[in-house]
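**Q** Structural data only, the sequence is not supplied:
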């Protein structure tokens, strides 16, 4: 921890909350929650770990959020000493100067361990975004029941699971469902991006973390090459989450000269997806966002082979992507690990471009899910936080 961060004193007048997020979607959730809390408690102080959006909302980030953005069991190993050091430093700071509440936003492998130590010291803790305990490693729910005063879930199907296990839970819905209108405007999005309104456009979203782009970027560009050979003139737009992922993707793009002239980079994922005819994306929050934008999509993911080998024995669900999990059935095609080949991804995207009759029923399904998730999430989360604090 930087040496110029003196301990903060705890006072009855000022509400101090610790927050820790590890990647872009958590940063957005945290920012929304901070804004909602500050509407009711203007003197609120927030510190911890967050990205640009949380910092703009008023969070003092003690470390760069990108240091936590590591996915996969084996991928974490080389970063483990630094991750443990950051957690120890946060613990020292908050144990010596306790905040009124600490909220871990997603990042369960980092945050649940942090919440354990803080809870043992009598510091109230909440966890925002349910770990996928209903899908794999279900025994983690015991730790959550022991170490977390309340869990805030995003999706309605998660709430009964925690109730059955005696964990205080509030389903707040998803902020994206509040932000995104039920009907979106592809033509307006294309105008904003200065794109030809008649071009066949595929959005490529290989992930928000450097490790994800390292695994998925090359695969997606190979799929784009396959599409160009089978549907000449297809254009692509690739929104990247930050400078590091953009630099890596640009390096990958240079190796695909046939794709490069047809691929434009962007920094606005939502606008890029809204403008697209089809979205090819790495499984995660982007799939939810594409669904809320009512865009047909192909979902893919690859992990380190050893990580996947371990996880495949623990996973208890058939589908991985959020649209399929929320629907309780397969709405969008998924290609995981060895099934994720350029040919398979390219053919699935091409099928969605050609099969126009299936688009309206799919969008109707997406609209019904969208309505179920619209619960004024940031305000609902703020209410749960203040209720927990007796305010």
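**A** Now that the structure is in, tell me what you want to look at. These numbers were taken from a predicted model, which means no experiment stands behind them.
**Q** What helices and strands are in contact with the helix or strand hosting residue 228?
**A** Under DSSP states H and E, the secondary-structure element containing residue 228 is helix 210-230. Applying 3 or more C-beta pairs under 8 Å, 6 or more residues apart in numbering; DSSP states H and E, we find helix 210-230 packed against strand 201-205, helix 243-254, strand 278-282, strand 297-301, helix 342-354. Every C-beta, even on glycine, is put in place using the N, C-alpha and C of the backbone.
**Q** For that helix, buried residues please.
**A** Of the residues in helix 210-230, those buried by neighbour count under the rule 16 or more other C-beta atoms under 10 Å are 210-228.
**Q** and the angle for that helix with strand 278-282?
**A** 150 degrees (axes from the mean of the first three to the mean of the last three C-alpha atoms, to 10 degrees).
**Q** could you point out which element follows helix 210-230?
**A** Sequence order places strand 235-239 as the next helix or strand after helix 210-230, per DSSP H and E.
**Q** Please enumerate residues in contact with that following strand?
**A** Outside strand 235-239, the residues within contact range by C-beta atoms under 8 Å, 6 or more residues apart in numbering are 193, 195-196, 199-206, 220, 224, 249, 253, 259, 262-269, 271-273, 275-276.
**Q** try 6 Å
**A** The set of residues that contact strand 235-239 without belonging to it, under C-beta atoms under 6 Å, 6 or more residues apart in numbering, is 199, 201-204, 224, 262-266, 268-269, 272.
**Q** Also stretch 122-130?
**A** Counting by C-beta under 6 Å, 6+ apart, stretch 122-130 makes contact with 98, 101-106, 115, 118-119, 148-153, 158, all of which sit outside it.
**Q** And that stretch, how far out from the chain middle?
**A** 18 Å (C-alpha atoms, centre = their mean, to the nearest Å).
**Q** Equivalent analysis for stretch 277-285, please.
**A** Centre-to-centre, stretch 277-285 and its host chain are 12 Å apart (C-alpha atoms, centre = their mean).
**Q** For it, give the mean pLDDT please.
**A** Model confidence over stretch 277-285 averages 94 on the pLDDT scale.
**Q** do the same with stretch 126-142
**A** 81.
**Q** can you tell me the distance between the two ends of that stretch?
**A** End-to-end distance for stretch 126-142, by C-alpha to C-alpha, to the nearest Å: 15 Å.
**Q** burial measure for residue 164, as a count.
**A** Using other C-beta atoms under 10 Å, the number of residues around residue 164 comes to 9.
**Q** which residue ranges form the helices in the stretch 251-391 of the chain?
**A** Residue ranges of the helices in the stretch 251-391 of the chain, as given by DSSP state H, counting those that start in this stretch, are 269-275, 285-292, 305-314, 322-327, 342-354, 359-373, 377-388.
**Q** Apply the buried test to the contacts of strand 235-239 and list what passes.
**A** The neighbour-count criterion (16+ other C-beta under 10 Å) marks 201, 202, 203, 204, 224, 262, 263, 264, 266, 269, 272 among these as buried.
**Q** Return the closest of these with respect to residue 87.
**A** Closest approach between the buried ones among the contacts of strand 235-239 and residue 87, by C-beta to C-beta: residue 269, at 29.3 Å.
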